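Participant: Mind folding the following:
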Amino acid sequence: MARLRVDFEEGGGVRALAALLLLSTTSCELFQPPAVAPLSSWAELEAAQFGGLRNVSKCGEVWFGGGITAPDVELAYRRGFRNILHLGFPGEEPDFDLGRACFDYRIDLYDLGLLGAEALTDRNADEALDLLRSDERRPLLVVCGTGSNSATFFALWRALDHEMPLEEAVDEARRAGMRPGALEAFIREQHARLSQSEG
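Facilitator: Have a look, this model is predicted:
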């Protein structure tokens with residue numbers, strides 16, 4: 001570190017002191033702490049594992065993924081889940097009796113009876129959101145054939161209830177396994193409808 005020699009003779013001390021004050025002021029102006037990014041108001045979506053489920057993500061006490069198996073129902077029971085929301089399309093049904101397995105483990109199964117990506121309705125959105133919004137149904141496991149539908153409805157909930165910008169919610173759903181196309185259009189349509197009705 002360089003040392004500054006101060007000569008107090010013949011007014012040198014005053015000049016040196018003034019120089020030090022100027023230097024410290026300039027240094028303070030030059031050094032600015034890095035800007036702190038604002039914290040998101042929504043909880044982070046995390047990649048997770050849940051038995052044999054594929055494309056599993058979790059946010060707080062809501063988990064979602066695809067391809068549920070019979071052992072996954074038993075695992076859900078052991079982990080304290082008492083509610084499962086099934087969002088599968090025709091042809092994506094599990095290869096076991098999901099309703100019976102849930103009954104055996106005293107888990108409430110909510111099957112919305114979705115008919116396909118092009119046939120999703122306002123009622124489908126409303127019913128799924130009612131379940132996603134219910135603290136009484138936590139923890140909640142949301143399942144479908146591949147995880148795509150689960151990510152779709154989760155994104156709608158994020159954009160409406162978590163103050164997450166719509167495009168960020170859609171991008172997040174894509175990364176979590178949502179297929180592009182009709183499902184994205186559904187999110188945008190329902191977001192416009194529900195934002196207007198709730199605003």
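
Participant: what number of residues lie near the nearest residue to A128 once chain neighbours are set aside?
Facilitator: Using CB to CB, 6 or more residues apart in numbering and skipping residues adjacent in sequence, the residue nearest A128 is F153, 4.5 Å away. Bear in mind the C-beta positions are built from the backbone N, C-alpha and C, glycine included. F153 is flanked by 30 other residues according to other CB atoms under 10 Å.

Participant: Please point out which parts of the host helix or strand of F153 sit buried.
Facilitator: Per DSSP states H and E, F153 falls inside helix 148-161. Using 16 or more other CB atoms under 10 Å as the burial criterion, the residues of helix 148-161 that qualify are 148-160.

Participant: quick one: the residue nearest to A128 and E127 touch, right?
Facilitator: No: with contacts counted by CB atoms under 8 Å, F153 stays clear of E127, the gap being 9.7 Å.

Participant: Start and end of stretch 109-119, how far apart?
Facilitator: Stretch 109-119 stretches 22 Å from its first residue to its last (CA to CA, to the nearest Å).

Participant: Show the average pLDDT along it.
Facilitator: Averaged over stretch 109-119, pLDDT sits at 97.

Participant: cool, and stretch 150-163?
Facilitator: The model assigns stretch 150-163 a mean pLDDT of 96.

Participant: Contacts for it, please.
Facilitator: 41-43, 55, 57, 59, 62, 64-66, 87, 125, 128-129, 132-133, 142-144, 164-166, 169-170, 172-174, 176-178, 183, 186-187, 190-191, 194-195, 198 (CB atoms under 8 Å, 6 or more residues apart in numbering).

Participant: Let me see the ranges of the helices in this protein.
Facilitator: With helices called from DSSP state H, the chain shows them at 12-30, 70-78, 98-104, 122-132, 148-161, 166-175, 182-198.

Participant: For the third one, list the C-alpha coordinates in CSV.
Facilitator: Which is helix 98-104. Taking C-alpha atoms only, helix 98-104 is exported to CSV below (Å, rounded to 0.1, in the frame of the first residue of the first chain):
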residue,chain,number,x,y,z
LEU,A,98,-55.9,-45.7,-9.8
GLY,A,99,-59.3,-45.1,-8.2
ARG,A,100,-59.2,-48.4,-6.4
ALA,A,101,-55.6,-47.9,-5.2
CYS,A,102,-56.5,-44.4,-3.9
PHE,A,103,-59.5,-45.9,-2.1
ASP,A,104,-57.4,-48.6,-0.5
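
Participant: most centrally placed residue in the protein?
Facilitator: In the chain, the residue lying closest to the centroid (CA atoms, centre = their mean) is L45, at 3.8 Å.

Participant: Please name the spatially closest residue to that residue (chain neighbours excluded).
Facilitator: Nearest to L45 is C59, by CB to CB, 6+ apart, at 5.0 Å.

Participant: on that earlier part again, of the helices of the chain, which approaches G113 most closely?
Facilitator: helix 122-132 (8.6 Å; CB to CB).

Participant: That closest one versus helix 182-198: what angle between them?
Facilitator: Interaxial angle of helix 122-132 relative to helix 182-198 (axes from the mean of the first three to the mean of the last three CA atoms, to 10 degrees): 80 degrees.
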